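Trainee: After the sequence you'll find the predicted model.
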2 protein chains.
Amino acid sequence: MDVSVDIAALFAGLALSEGEPLYRAIAAILRQKIEDGSLAFATRLPPSRELAGILKVDRSTIARAYEELISEGLIVSHVGRGTFVAKKRVQSPGWSARYSAYGQELSQVMSELPVSLSPRSVDLISFAGGLPVADSYPQEEFSEILFELAESGATPLFDFSPASGEPLLRELVIKHLAERGMPVQDSELIILSGSQQGIDLMSSMFIDPGDTVVMEEPSYFWAISNFRARGANLLGVPIDDQGINIKALEAVLSQKKVKFIYLMPTGQNPTGITMSAERRVAVLELCSKFGVPIFEDDFAGDLDYEGGLPSLKALASASEKLNQMVVYQGTFSKALAPGIRLGWLVAPQAVAERLNFAKRGSDLSTSSLNQEILARFLSRGSYLKHLVRVRALYKERRDTMLKALSSAFAKTKVTFTNPRGGLFIYLTLPEHMDAQRFLDEFAQRSGVSFAPSRHCYVNEPALNTMRLSFIQNSPERIEEGVVRLNLAYQDFERVLVRESGRSRNGSYENSPETVLI
Amino acid sequence: MDVSVDIAALFAGLALSEGEPLYRAIAAILRQKIEDGSLAFATRLPPSRELAGILKVDRSTIARAYEELISEGLIVSHVGRGTFVAKKRVQSPGWSARYSAYGQELSQVMSELPVSLSPRSVDLISFAGGLPVADSYPQEEFSEILFELAESGATPLFDFSPASGEPLLRELVIKHLAERGMPVQDSELIILSGSQQGIDLMSSMFIDPGDTVVMEEPSYFWAISNFRARGANLLGVPIDDQGINIKALEAVLSQKKVKFIYLMPTGQNPTGITMSAERRVAVLELCSKFGVPIFEDDFAGDLDYEGGLPSLKALASASEKLNQMVVYQGTFSKALAPGIRLGWLVAPQAVAERLNFAKRGSDLSTSSLNQEILARFLSRGSYLKHLVRVRALYKERRDTMLKALSSAFAKTKVTFTNPRGGLFIYLTLPEHMDAQRFLDEFAQRSGVSFAPSRHCYVNEPALNTMRLSFIQNSPERIEEGVVRLNLAYQDFERVLVRESGRSRNGSYENSPETVLI
């Protein structure tokens, strides 16, 4: 059915509500017209280019409005045929027409992620995950602690815990931070249900739609998505092998009003880069000069293999004024075990108090049981012993992977970072090679996987980049995985050469080169 | 220092940003002028009445702006002397000037809560808490399960869990819901880190500033505060002994565009009222008629002492259309143990998928260990046995408290609800008696406590109301607690009589009555 509709008339009442992006206003009008029957089932909508012309807006705005309605099932798009109303008049719009700006923005960000991976080979060597795996957990000690708890009677383990955490665990975390050069007052600390919660609390307490947040480029996907969903305008500042570029950062801070700077100084995710001591000092000087606070996500702070660079927070603690400018968080998910779901956040007292309101609003309380297990583990002194062990383990794995990569990719234009801490090596393919395609069509079939990094960019993504985790496999498996990666790379290269032949000369099969074979 | 400042000139540039409340715009200007030095340290600000006159706004708007700056430490107020700039020029405003609308609104809501209780007597009988206590937990079974886990090797317990929950637990929760008359598809379910998380996810995914949300009046404080912090316009609909008032609800729905209705049909918090079967049907009919979806918080659904009213979700499941209109959540915190931090949320598939995005943004994953413990408990069939036990236990406690209250307050104007489910009895004092004052000055000194309910109102609070939890104490302690409550009440009454004498006749000591004694 191809119904002629006076499309311009539909938009006669187009008016932007406070803070509403244009594409949403356009989608809302179309949604309403579909729901009230003005746009009947199977009505053909004008192509995005045409509607953009009628409304005098950018074509991408229309495309985004259409995408939103497609994701809601209200319209469908058939390549070559056009875009059609897919739904009959709806009496009760229900939940799907009611998402908040946050809800819509988050869904938009998340829907851009690849939905599913190709079928995995049985013997896949995964370099994809950003987490430790079981072979590094302190398994015996965890079991011992579970026995202790079972024997001591489990009652308090299932009681409600104060929102900001169990007193004993708080004390032990403060001790751990003191040992890392950070004197922290009890009133400045919040125990988190994992460090994603810290990102969410900071995001909700500080970001209004339109606020500018500065991040390293590339940065952590789950921070990008959270900040973006709250309407932040994200500015990515390039990172080199010493950390964030100071000149670029200064240029941004001198031009823009910035809400805060989100930084991962040690073992940055996804690049694995650790900020040098000089850069750390320079970043704090800029923060002081421009009065812009820093949210330091030190997720890999306990995994520095060359021995303890001070965190920004530790450096800032020398000056009362600077110390007030840094909110600092860390986690037990990376150096200990991801399932423990515990992290910490340190903020100036007045800020910590308010973040704790948001923590209560978010989940009221963190599991007492997990806090008790971690407190027992810490109070035995086991965490420091564990860190010595896993640092040695992960350092060896890092060195193995670096050596294997150097040898496998010696004769290629592939480059990769040389991390001093954390979990990741960042690998850059030659510019014409798409990392997602490399994964989907070549690497997984060769039995190896990694994390393409396109979703870690806030500006233009570098499609040829990928993150390799070096902590999840034994040295032998790492070596085998890199061999597979190299074989897949060679396949990919060959196919690209063939394809470039095709695209230069029309069909590959009919090109002069092949008919002569 | 009393500096004369052309206050009107300061506000020359006053302009409201999109969605910004007036008081915040006024506070922002004052903040900026303090920070840039235009308003110097110790400058006296005009009284709120005067500034309200100058700016032609309501006095309460100025009062709220001042309160905000006081809470930030930028100004101070001395009774009788006035309001002064408390801070010298600040070079770097830091975090405190950067809170989001959410952050400011949440802080405002939370700062209205009483900060600390009076010193507790050693032998306090508390009716205040909304949670079960250790004497009702299945302690032996919890210990057994911890032994099993310790023996089986703890490894998977510390692994990362999928955002929407462990498959085995999901299966068992679906089975539990099916037994309660709710057929739920796997794709409709999210395992929550406690049901506050469900409130937070729904709030962030659906509420934009200015949206109208309908609630029972009074309602759950942590839902009110969360919705309000996101800028919702809350409408309270009165509740009677059969549940929400249908005529009042219909009037609201026919006049207002409503985002959703938040309801607690069983053992409503704080009133303890359970919605009758007729009301449940009527609510669903209204929801269908007006096309307004329902967020059903069935936190006490497993604690119906008179045997299983169907949830709204169960009733809705007969109609595909209605079924799509109800998002349903429940928790193991009330009927099992609060420290387990696990609940469930059921939504139409497309909505569940998006809520799961928000769940990942909020905490990535819920503790594997707690999920494994609960799954083992459920798969033994122990939860149903436990429910039989605690229902009998709590029913006896409820009956004991009702009987004790009836006898203690027989000759007073005190009234209270008669709950068929849940945890709470709601008590209403005579209108002139303030429940917070009753707690602070009388009840706690007599060794008994409860939860005043003023913060549970979205409109005008009923200051004379309070919530009594009947599940936290043995029958003997309940009887003793009610005796104490009655003694405190008599004290309070006597003091009020004396005070009313004073206020009628000037000072009590000098009144004709007393000088004649």
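Mentor: Arrived safely, thanks for sending. Numbering: from 1, shown residues only, chains lettered A, B, ... in the order given.
Trainee: So which residues of the stretch 101-250 of chain A form strands?
Mentor: A:125-126, A:189-192, A:212-217, A:233-240, A:243-244 (DSSP state E, counting those that start in this stretch).
Trainee: helices and strands around the longest one, which ones?
Mentor: To tie it back to what came earlier, the one meant is strand A:233-240. strand A:212-217, helix A:221-229, helix A:246-255 (3 or more CB pairs under 8 Å, 6 or more residues apart in numbering or on different chains; DSSP states H and E). All C-beta atoms are positioned from the backbone trio N, CA, C, and that covers glycine.
Trainee: Next, the angle strand A:212-217 makes with that strand.
Mentor: Angle of strand A:233-240 versus strand A:212-217, following axes from the mean of the first three to the mean of the last three CA atoms, to 10 degrees, is 30 degrees.
Trainee: Return the distance of strand A:233-240 from the chain's centre.
Mentor: 14 Å (CA atoms, centre = their mean, to the nearest Å).
Trainee: Parallel or antiparallel, list what pairs with that strand.
Mentor: strand A:212-217 (parallel), strand A:243-244 (antiparallel) (DSSP bridges).
Trainee: Tell me which of those strands sits most buried.
Mentor: strand A:243-244 (a mean of 26; mean count of other CB atoms under 10 Å in any protein chain shown).
Trainee: model confidence over that strand, on average?
Mentor: What strand A:243-244 shows for mean pLDDT is 98.
Trainee: And stretch A:214-233, by the same measure?
Mentor: Rounded mean pLDDT across stretch A:214-233 is 96.
Trainee: cool, and stretch A:411-425?
Mentor: On average, stretch A:411-425 scores 96.
Trainee: now stretch A:123-142
Mentor: On average, stretch A:123-142 scores 91.
Trainee: so what secondary structure elements neighbour the helix or strand containing A:Phe84?
Mentor: Element membership for A:Phe84, per DSSP states H and E: strand A:82-85. Using 3+ CB pairs under 8 Å, 6+ apart, the elements in contact with strand A:82-85 are strand A:44-45, strand A:75-78.
Trainee: Return the distance of it from the chain's centre.
Mentor: 34 Å.
Trainee: Give me the buried positions along the longest helix along chain A.
Mentor: The helix that spans the most residues within chain A, counting by DSSP state H, is helix A:475-504. Buried residues in helix A:475-504, counted by 16 or more other CB atoms under 10 Å in any protein chain shown: A:475, A:477-489, A:491-493, A:496.
Trainee: thinking again about what came up before, got JSON lines for the strands of the stretch 101-250 of chain A, with distance to B:Leu168 too?
Mentor: What follows is these, written out as JSON lines (distance: least, CB to CB, whole Å):
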{"stretch": "strand A:125-126", "distance to B:Leu168": "23"}
{"stretch": "strand A:189-192", "distance to B:Leu168": "26"}
{"stretch": "strand A:212-217", "distance to B:Leu168": "38"}
{"stretch": "strand A:233-240", "distance to B:Leu168": "39"}
{"stretch": "strand A:243-244", "distance to B:Leu168": "44"}
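Trainee: between these, which gets nearest to B:Arg228?
Mentor: B:Arg228 sits nearest to strand A:189-192 of all the strands of the stretch 101-250 of chain A, at 22.0 Å, using CB to CB.
Trainee: related to what we said a few turns ago, report the buried residues of the strand holding A:Phe84.
Mentor: A:Thr83, A:Phe84, A:Val85.
Trainee: Quick one: mean pLDDT over it.
Mentor: 88.
Trainee: Mind pulling up the pLDDT for A:Gly73?
Mentor: Here, the pLDDT recorded for A:Gly73 equals 81.
Trainee: Check the burial of it by counting its neighbours.
Mentor: Per other CB atoms under 10 Å in any protein chain shown, the neighbour tally for A:Gly73 reads 11.
Trainee: That one contacts B:Gln349, correct?
Mentor: No: checked against CB atoms under 8 Å, the pair A:Gly73 and B:Gln349 is beyond contact range at 11.1 Å.
Trainee: follow-up on the earlier one: parallel or antiparallel, list what pairs with the strand holding A:Phe84.
Mentor: Here, using DSSP bridges, strand A:82-85 pairs with strand A:44-45 (antiparallel), strand A:75-78 (antiparallel).
Trainee: ok, now which ones touch the residue nearest to the spatial centre of chain A?
Mentor: In chain A, the residue lying closest to the centroid (CA atoms, centre = their mean) is A:Phe221, at 1.5 Å. Taking CB atoms under 8 Å, 6 or more residues apart in numbering or on different chains, we find A:Phe221 in contact with A:His455, A:Cys456.
Trainee: what do you get for the one 5 residues further on?
Mentor: Taking CB under 8 Å, 6+ apart, we find A:Asn226 in contact with A:Ile199, A:Asp200, A:Ser203, B:Gly361.
Trainee: Report the spatially closest residue to the last one, excluding sequence-adjacent ones.
Mentor: It refers to B:Gly361. A:Asn226 (4.9 Å; CB to CB, 6 or more residues apart in numbering or on different chains).
Trainee: so where's the stretch 51-200 of chain A uncertain?
Mentor: Applying pLDDT under 70 to the stretch 51-200 of chain A picks out residues A:88-93, A:114-122, A:154-155.
Trainee: now the helices for it?
Mentor: A:59-71, A:101-111, A:139-152, A:167-179, A:195-206 (DSSP state H, counting those that start in this stretch).
Trainee: likewise the stretch 301-450 of chain A?
Mentor: Using DSSP H, counting those that start in this stretch, the helices of the stretch 301-450 of chain A run over A:312-316, A:320-323, A:349-363, A:368-379, A:382-408, A:435-437.
Trainee: between those helices, which gets the lowest average pLDDT?
Mentor: helix A:320-323 (a mean of 90).
Trainee: about what we covered before: can you redo the strands paired with strand A:82-85 as a markdown table with distance to B:Gly308 and mean neighbour count?
Mentor: Shown next, in a markdown table, are the strands paired with strand A:82-85 (distance: least, CB to CB, whole Å; neighbours: other CB atoms under 10 Å in any protein chain shown):
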| stretch | distance to B:Gly308 | mean neighbour count |
| --- | --- | --- |
| strand A:44-45 | 49 | 19 |
| strand A:75-78 | 43 | 16 |
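Trainee: Export those strands as TSV, with columns for distance to B:Val252.
Mentor: Formatted as TSV, the strands paired with strand A:82-85 follow (distance: least, CB to CB, whole Å):
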stretch	distance to B:Val252
strand A:44-45	36
strand A:75-78	32
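Trainee: I'd assumed B:Pro348 was in contact with A:Gly94.
Mentor: Yes: counting by CB under 8 Å, A:Gly94 does reach B:Pro348; the two are 7.4 Å apart.
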